[in-house]
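> just a sequence and a predicted model for now, questions to come.
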Amino acid sequence: MNTATENLPLSASPAMDSTAARLPTTASERIYKSYFSFMWSGTAFSAATMTYLIGGALPFVGNTVAGCIGYLCGLVLAMVPVVLAGMPSYRYGIDTLDAVKTSLGVRGSSFMLIGVLGSSLGWTFVLAAFSARGFGSVAQAVGGNGFINEHYVQGFGVVMLILVWALARRGAAGMARVTAWVAPGQLLSAAILLGLLVHKYGLHTVLHANVPAAKAYTQDGRQGLAYALEFGVANVLTFLPFIGGLTRLVSSRKHVMGPMVTGAGVVGAGFVAVVASFAAVVTGTADPTVWVIEIGGKWFGSALLLFMLLANVGTMVVFMYIGTVASTQIRIFASVRWSWLIAALLMPGVYLAFRTQWLLERVMVFMTYNGLFFVGVTGVILADYFVLRRQRIAPAQVFSKSKNGDYWFWGGVNWVAIACSILGACAYLWMFDPVSLKTSGIFRFFGAGLPACAATAAVYALLMRIFVVRGAKGGYPEARAGKKTAVEIGL
Amino acid sequence: MKMYRNDRMVNTDAREAGFFVPADAAPMQVELQQRLLAVLAEETSRTESFGSARPVFVEALIWMLAATALYVVFWLAAAHS
């Protein structure tokens, strides 16, 4: 192996400047060479404690088993298009933010950058805060105090962030190593909890327990199933900014779709959420920091919860690696050493570690709406790459800021793509408000995320075919043939 | 330590492919140019890894059909209960 694999982007040379992280990966440098290596990364990515919280909400759709089924279907149905959206990154070895320049424009990708940084840093800080508060619960349970010691919470939050920095500075190879250790442990924890649950309450009780009808979101079984489907879809659509950063490290097409759908979808987000939903409904609380100790007992439950909280580091490392690579699109960050750049991006987290309760109350709503943008963008990326470009892009052109470049569009922005992405988000909100859970339109049939994504893709393909594809902009296959000048490229 | 080159051969190949880096470009930019040429060469060679995406589509279709069928069965069951 040479260059990138030995250096920063894929391995560990924290002293190197961060521009190397964006270099296209060649076939020999890709670190995911087997089905399971990629699957474990997907699992670690999605099996964080947040998944236990989502699982805790599933019984409230009215029927716990139907909620689990609907959620699993949503995970798979959304994971497939999201992984397909990562195909340009897989094929050309480029990061998501470089790949989306082909559809959003070389400057239009800034819209995506905001989303990527918001998601990666936001979820890292939320997970750190959640882990820290969980540690407070463990300390409370073991110590027998009647209150959560805030000093423990703050200290654990800072320790988590330091751990994330120490592991993320080792680059992609470090990320792969951490997730290969953490992911099986996360699954084992969930399996142990399921076993304890069945042992303590009995299989029949676990499978037939439902929340009281008055507490359910709806009394309509179809609407409840659609809610569960939407929870799965919405969860997976937030993976979009990260998927290209992972698929560019996969060595064979055989290992792109299956490991991610299985690892991040069915096993990581799915199985863990199913366990959490059963636990939540039989114990009467959706908070895993409470029910894990209740099911596992004071000592074993606390030890298990402590491991689960520490395992969040694996997810946070994936978030930080991809977020840091994305941040190198900003010129001022690109020249900073990799390890320092990660430290700089984690700095707000240190402040927030002292305000964890506030973070969890306020930021969660922001994070919910932040994911909305990806509904439309997913449709735009799929239509642009598979329908309009027929799976061929010019990888060098994404590194050019020249007005003569293929992806310059109008002032560097493909306004049709931006407008369609915003329309997609609006269509989603019209069908489903993720905070108030109000629904309308065709939601009860197939949720909101999938119809909004499909509609965005169709409208985008139509508008582009009518107004752009045959013109000189965008570098599409049907574009008017003209004399092409070589363009200057750079990171 | 890897040596970075900005030699005439690489520059010619890049220009023919429609891009270039300036003669005084930083080593990382030259590395980018070399990698892009390598990526294009891999794509042209259409190796097993980077060839047709058809197997990915087939796998995608199987997953989608299975999940849709499961969802429709439960949706219909809910409608009749």
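Great, that's in hand. Numbers count the residues shown, from 1 in each chain, chains lettered A, B, ... in the order given.
> buried residues, the helix or strand hosting A:Val142. List them.
Here A:Val142, judged by DSSP states H and E, is contained in helix A:109-143. Within helix A:109-143, the residues scored as buried using 16 or more other CB atoms under 10 Å in any protein chain shown are A:109-113, A:115-141. To be clear about C-beta, it is placed using only N, CA and C from the backbone, and glycine gets the same treatment.
> just stretch A:472-488 next, same as before
Within stretch A:472-488, the residues scored as buried using 16+ other CB under 10 Å are A:473-476, A:486-488.
> show the average pLDDT along it.
Averaged over stretch A:472-488, pLDDT sits at 79.
> and the end-to-end length of that stretch?
Stretch A:472-488 has an end-to-end distance of 19 Å (CA to CA, to the nearest Å).
> in CSV: the buried residues of stretch A:472-488, plus distance to A:Thr205 and secondary structure.
CSV is the format used below for these (distance: CB to CB, whole Å; DSSP: H, G, I helix; E, B strand; the rest coil):
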residue, distance to A:Thr205, secondary structure
A:Lys473, 62, coil
A:Gly474, 59, coil
A:Gly475, 60, coil
A:Tyr476, 59, coil
A:Ala486, 70, coil
A:Val487, 66, strand
A:Glu488, 68, strand
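> give me the neighbour count for the residue of the stretch 151-300 of chain A found nearest chain B.
Using CB to the nearest CB, A:Gly221 is the residue of the stretch 151-300 of chain A that sits closest to chain B, at 3.2 Å. Other residues near A:Gly221 come to 19 when the count uses other CB atoms under 10 Å in any protein chain shown.
> B:His80 is in contact with that one, correct?
No: using CB atoms under 8 Å, A:Gly221 is not in contact with B:His80; the gap is 9.2 Å.
> and the pLDDT for A:Met16?
Among the per-residue scores, A:Met16 holds a pLDDT of 53.
> got a list of what the residue of chain B found nearest chain A touches?
Going by CB to the nearest CB, chain A is nearest to B:Ala78 of chain B, at 3.2 Å. By CB atoms under 8 Å, 6 or more residues apart in numbering or on different chains, the contact list for B:Ala78 reads A:66, A:220-222, A:224-225.
> could you rerun that using 10 Å?
A:62-63, A:66, A:70, A:220-226, A:444 (CB atoms under 10 Å, 6 or more residues apart in numbering or on different chains).
> quickly find the element holding it.
B:Ala78 belongs to helix B:54-80, assigned by DSSP H and E.
> now do the buried residues in that helix.
B:56, B:59-60, B:63-64, B:67, B:70-71, B:74-75, B:78.
> returning to what we had before: select, from the buried residues of stretch A:472-488, the two members most distant in space.
A:Tyr476 and A:Glu488 (22.1 Å; CB to CB).
> can you list the residues of the stretch 201-350 of chain A near chain B?
For the stretch 201-350 of chain A, the contact set with chain B under CB under 10 Å from any CB of the partner chain comprises A:220-226, A:228-229, A:232, A:250-258, A:261-262, A:265-266, A:334-335.
> anything in the lowest-mean-pLDDT helix or strand in chain B near chain A?
Ranked by mean pLDDT, DSSP states H and E, the weakest helix or strand in chain B is helix B:8-17, scoring a mean of 77. Yes: using CB under 10 Å from any CB, helix B:8-17 reaches chain A at B:14-17.
> can you list contacts of that helix?
Contact partners of helix B:8-17, identified using CB under 10 Å, 6+ apart, comprise A:394-396, A:485-486, A:489, B:5, B:20-23, B:25, B:30, B:32-34, B:36-37, B:40-41.
> redo that, cut-off 6 Å
A:486, B:20, B:33, B:37, B:40 (CB atoms under 6 Å, 6 or more residues apart in numbering or on different chains).
> need the residues you listed in JSON lines with secondary structure and distance to A:Ala216, can you?
Output for the contacts of helix B:8-17, formatted as JSON lines (DSSP: H, G, I helix; E, B strand; the rest coil; distance: CB to CB, whole Å):
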{"residue": "A:Ala486", "secondary structure": "coil", "distance to A:Ala216": "63"}
{"residue": "B:Phe20", "secondary structure": "strand", "distance to A:Ala216": "63"}
{"residue": "B:Gln33", "secondary structure": "helix", "distance to A:Ala216": "59"}
{"residue": "B:Leu37", "secondary structure": "helix", "distance to A:Ala216": "59"}
{"residue": "B:Leu40", "secondary structure": "helix", "distance to A:Ala216": "56"}
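> how about A:Val435, phi and psi?
A:Val435 adopts backbone torsions of phi -90, psi -50, taken as degrees, to the nearest 10.
> how much space between it and A:Arg444?
Going from A:Val435 to A:Arg444 by CB to CB, to the nearest Å gives 19 Å.
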